[in-house]
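K.L.:
Please find the sequence and the predicted model below.
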Amino acid sequence: MVNAEMSETSNDLPGRKQLRRLETFLDVAYAMLFVDFIMYLPRTEDLAWTDLPFGLMSLLVDNSVDLLRLVIAVGLTLISWNLTHKLLGPLDRTDGKHTLLVLLQLIFVCLFLFFAIADPGLVSVSSPVGQSLSLAVSGFIGIAGWSYARKKGLTRPNLSETDRDEVGRNAMTEPVTALINTGFAFVGPGAWTAGWLVIPIVLIAARRRLGRRRPHAEVVSR
């Protein structure tokens with residue numbers, strides 16, 4: 001019995017090491033994405049802002065719309081990073097196929113960055129649509145990776161089935177928000193920008209309401 005447990009632990013060790021390396025790689029990759037966003041802050045090298053009435057504050061006010069979209073882009077990237085760790089945190093180890101899905105998820109986050117940087121002013125509707133779809137696909141790939149990991153027994157053994165179900169449900173908010181907000185991109189940049197703030201609130205409220213109804217329905221059925 002002891003030998004069997006030792007053998008199982010030995011077989012799991014490479015997968016655990018691979019998971020740690022994967023998490024480190026993702027942290028570095030997302031850190032680089034954040035650095036890229038800094039390049040799109042208002043330019044200050046020529047010191048032209050010194051002639052403005054309120055100096056740097058005037059520069060920020062004059063570029064407030066672009067700064068708002070930059071903040072949203074950084075926020076969405078941060079949410080994607082958090083979603084990735086939300087789905088990796090409950091894992092005990094990974095394997096080749098799961099790692100491939102996680103890296104594919106990151107590729108679509110990079111594609112989101114491409115659309116965000118190429119058209120920061122949202123001049124073309126293709127930019128918000130591309131950003132939304134990229135994040136939606138990235139999120140659904142992440143959920144597929146979690147489902148695969150769960151099926152293959154890569155999750156932590158101390159997680160209950162309820163905990164595993166909750167991980168999947170919690171992870172749905174981000175990609176569903178991105179998918180729904182794709183439609184708002186055709187309404188206009190303002191509606192699309194507001195969608196990132198409003199849609200998650202509505203989805204979370206709806207999920208909590210359904211969560212309160214579920215136990216009641218189970219009691220009634222009994």
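P.N.:
Thanks, I have it.
K.L.:
mind listing the strands for the chain?
P.N.:
Read by DSSP state E, the chain holds no strands at all.
K.L.:
least trustworthy helix or strand in it by mean pLDDT?
P.N.:
helix 56-62 (a mean of 70; mean pLDDT, DSSP states H and E).
K.L.:
Put the alpha carbons of it into PDB.
P.N.:
Extracted C-alpha coordinates of helix 56-62, given in PDB (Å, rounded to 0.1, in the frame of the first residue of the first chain):
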ATOM      1  CA  LEU A  56       0.100  67.400 -16.300                       C
ATOM      2  CA  MET A  57      -3.400  67.500 -15.100                       C
ATOM      3  CA  SER A  58      -4.500  69.300 -18.300                       C
ATOM      4  CA  LEU A  59      -2.700  66.600 -20.300                       C
ATOM      5  CA  LEU A  60      -4.700  63.900 -18.500                       C
ATOM      6  CA  VAL A  61      -8.000  65.800 -18.900                       C
ATOM      7  CA  ASP A  62      -7.400  66.400 -22.600                       C
END
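K.L.:
Identify the residue nearest the residue nearest the centre of the chain in space, chain neighbours excluded?
P.N.:
The centroid of the chain falls nearest to Ser80 when counting by C-alpha atoms, centre = their mean (1.6 Å). In space, and not counting its chain neighbours, Ser80 is closest to Val109: 5.0 Å by C-beta to C-beta, 6 or more residues apart in numbering. Yep, even glycine has a C-beta here, placed from its N, CA and C like the rest.
K.L.:
what do you get for Arg207?
P.N.:
Of all residues not flanking Arg207 in the chain, Arg169 sits nearest, at 7.0 Å (C-beta to C-beta, 6+ apart).
K.L.:
Also Pro189?
P.N.:
Leu122 (4.1 Å).
K.L.:
residue contacts, the one you found?
P.N.:
Contacts for Leu122 (C-beta atoms under 8 Å, 6 or more residues apart in numbering) come out as 69, 128, 189, 192.
K.L.:
which non-adjacent residue is nearest Val102?
P.N.:
Gly145 (5.6 Å).
K.L.:
Please name the residues that touch the one you found.
P.N.:
Shown in contact with Gly145 (C-beta under 8 Å, 6+ apart): 87, 98, 101-102, 105.
K.L.:
swap the cut-off to 10 Å and go again
P.N.:
Neighbouring residues of Gly145 by C-beta atoms under 10 Å, 6 or more residues apart in numbering: 84, 87-88, 91, 94, 97-105, 154, 171.
K.L.:
what's the pLDDT at the closest residue to Ala194 other than its chain neighbours?
P.N.:
The shortest distance from Ala194 to any residue other than its chain neighbours is 7.8 Å, reached at Phe184 (C-beta to C-beta, 6+ apart). For Phe184, the model assigns a pLDDT of 95.
K.L.:
Next, count neighbours for Phe184.
P.N.:
For Phe184, the neighbour count with other C-beta atoms under 10 Å is 21.
K.L.:
again, but for the one 3 residues further on
P.N.:
Applying other C-beta under 10 Å, we find 13 other residues in the vicinity of Val187.
K.L.:
what's the answer for Leu56, then?
P.N.:
The burial count for Leu56: 12, using other C-beta under 10 Å.
K.L.:
likewise Val202?
P.N.:
Val202 has 11 nearby residues by other C-beta under 10 Å.
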